[in-house]
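1. Coordinates for the following, if possible.
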Amino acid sequence: MTHPARADVAAALREQHPELDLRIVMDPEPDQPPWVVRTFREGWRAADPLASHHLLLQDDVVLCQDFAHHLNRVIRAMPRAAISLFADWSARNSAMVRLAGLTGASFAPVIGKFAPTQGMVLPADVAASLVDYLSHGGSVPGEPEDITVLRFFRSRGIQPVISVPNIVEHRDIPSIAGNDDLGLRLSACFLNQLPEAHDWNAEVLGTSVVPYLRWDTGTACCLVEEEPGAPWNFVEPDVWLAQRGTTAKALLAPVLRDRHVSDLMSRMSTEIDPRLLGETVLASVMTAVVAHDLRHNAKPSPATGPARHGTVTGQALDSLAPGMLRSFLSMSVIDRHRASLNSLARRSAALGADITWPEAASSECV
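-> Residues are numbered from 1 along each chain as shown. Here you go, the predicted model:
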């Protein structure tokens, strides 16, 4: 899906992937104020009624190597699901993707206010139903398509999920939809090259607590679902940790004393506020703690073995600090310290995974 102003970008994507036989769908009213829903609707309308599934890509994406192979594996694992193939590295969904990456689940449920649409695949009958919804009052003028489509899924009782790892990446080119003020929006866990035999299991991460480093405040928190289907609420770390018999200060104390962690923080503190680094450490530790509990409580599965998710885990952790701190730091500063930021998140998570808790988490991987 594209706009005449970016027809060359869409054409280049099609030429790069002749094996997909991509068709280009243009904004039907390009002279009107930008509204992605118009093109989004036409993109799903283009579904072949004889096909089982329909893939819709935005023009500003990069696809992983052997994309068609892995897409087919993803579909076979979750044939009736609405599947996003990308998640923004700073949105709430990114926290769920990271947690899924650390547990070995191949799919993360959508928990944010929108379902990512940079790359999405739907069963053909769901795509047809979505077109009908968008054509008969389901859309709100000016509303982003990713919010509209999530409302559609919920109205139909469809659980949207995100593939983990992501097999679609977002390119940093000027936005027609007016999203340039959102900054660089890369994937929470994109792997360009996956083994052909990568295990796309059918596990969807199930949890009621998701640690999250907020991109808007630079502070760690927990996203908590009080009961199934309830809205996810922001909860201060100390409130959640009190249920586990500790505090954020007590949790962090041994981690901050770790020589590698302290050296990394000292090295970056000349350009990065130590408070932001401390919140990154806290988010990484809590994410690893919850992931450890989920793996411990889950039934034995090949997905939980280190060979299954080691690379995915690393990629998920590597996006945490850059994705969340870009609102407070220039990308030049982030890029200058990228290796150290990645090491800080990985080391903190490794230490967090070894923490012994007085009680187990109430969440489970399903």
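2. This structure - how does it break down into domains?
-> 4-182, 209-352 (automatic domain parsing).
3. Redo those domains as JSON lines? Include mean pLDDT and distance to Asn201.
-> (Each C-beta comes from the backbone N, C-alpha and C, glycine too.) Formatted as JSON lines, the domains of the chain follow (pLDDT from 0 to 100; distance: least, CB to CB, whole Å):
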{"stretch": "domain 4-182", "mean pLDDT": "94", "distance to Asn201": "5"}
{"stretch": "domain 209-352", "mean pLDDT": "91", "distance to Asn201": "5"}
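4. how about a markdown table for those domains, with mean neighbour count added?
-> Below are the domains of the chain laid out as a markdown table (neighbours: other CB atoms under 10 Å):
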| stretch | mean neighbour count |
| --- | --- |
| domain 4-182 | 19 |
| domain 209-352 | 18 |
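5. need the ones you listed in JSON lines with distance to Leu191, can you?
-> JSON lines is the format used below for the domains of the chain (distance: least, CB to CB, whole Å):
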{"stretch": "domain 4-182", "distance to Leu191": "4"}
{"stretch": "domain 209-352", "distance to Leu191": "6"}
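6. Ramachandran coordinates for Ala291?
-> phi -60, psi -40 (degrees, to the nearest 10).
7. ok, it - contacts?
-> By CB atoms under 8 Å, 6 or more residues apart in numbering, the residues touching Ala291 are Leu99, Leu102, Thr103, Ala353.
8. Nearest to Val126 among these?
-> Top of the list for closeness to Val126, among these and by CB to CB, is Leu99 at 26.2 Å.
9. Hmm, Thr207 and that closest one touching each other?
-> Yes. Counting by CB atoms under 8 Å, Leu99 does reach Thr207; the two are 6.5 Å apart.
10. still on that earlier bit, distance to Gln118 added to the contacts of Ala291, as a markdown table?
-> Converted to a markdown table, the contacts of Ala291 look like this (distance: CB to CB, whole Å):
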| residue | distance to Gln118 |
| --- | --- |
| Leu99 | 21 |
| Leu102 | 23 |
| Thr103 | 24 |
| Ala353 | 31 |
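11. Filter those residues down to just the ones in helices.
-> Of the positions in the contacts of Ala291, Leu99, Leu102, Thr103 sit in helices, assigned by DSSP state H.
12. Could you dump these into JSON lines and include distance to Pro231?
-> What follows is the ones in helices among the contacts of Ala291, written out as JSON lines (distance: CB to CB, whole Å):
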{"residue": "Leu99", "distance to Pro231": "18"}
{"residue": "Leu102", "distance to Pro231": "24"}
{"residue": "Thr103", "distance to Pro231": "23"}
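13. Not counting sequence-adjacent ones, nearest residue to Leu150?
-> Ala115 (4.3 Å; CB to CB, 6 or more residues apart in numbering).
14. and the closest residue to Leu317 other than its chain neighbours, what element?
-> In this structure, Leu317 finds its nearest non-sequential neighbour in Ala345, 4.5 Å apart by CB to CB, 6+ apart. With elements taken from DSSP states H and E, the one containing Ala345 is helix 338-352.
15. Centre of the chain to that helix, how far?
-> Put simply, helix 338-352 sits 19 Å off its chain's centre (CA atoms, centre = their mean, to the nearest Å).
16. other SSEs contacting that helix?
-> Judged by 3 or more CB pairs under 8 Å, 6 or more residues apart in numbering; DSSP states H and E, helix 338-352 is in contact with helix 248-257, helix 259-268, helix 274-297, helix 306-318, helix 320-325.
17. Quick one: list the elements packing against the shortest one.
-> Counting contacts by 3+ CB pairs under 8 Å, 6+ apart, helix 320-325 is packed against strand 209-213, helix 274-297, helix 331-336, helix 338-352.
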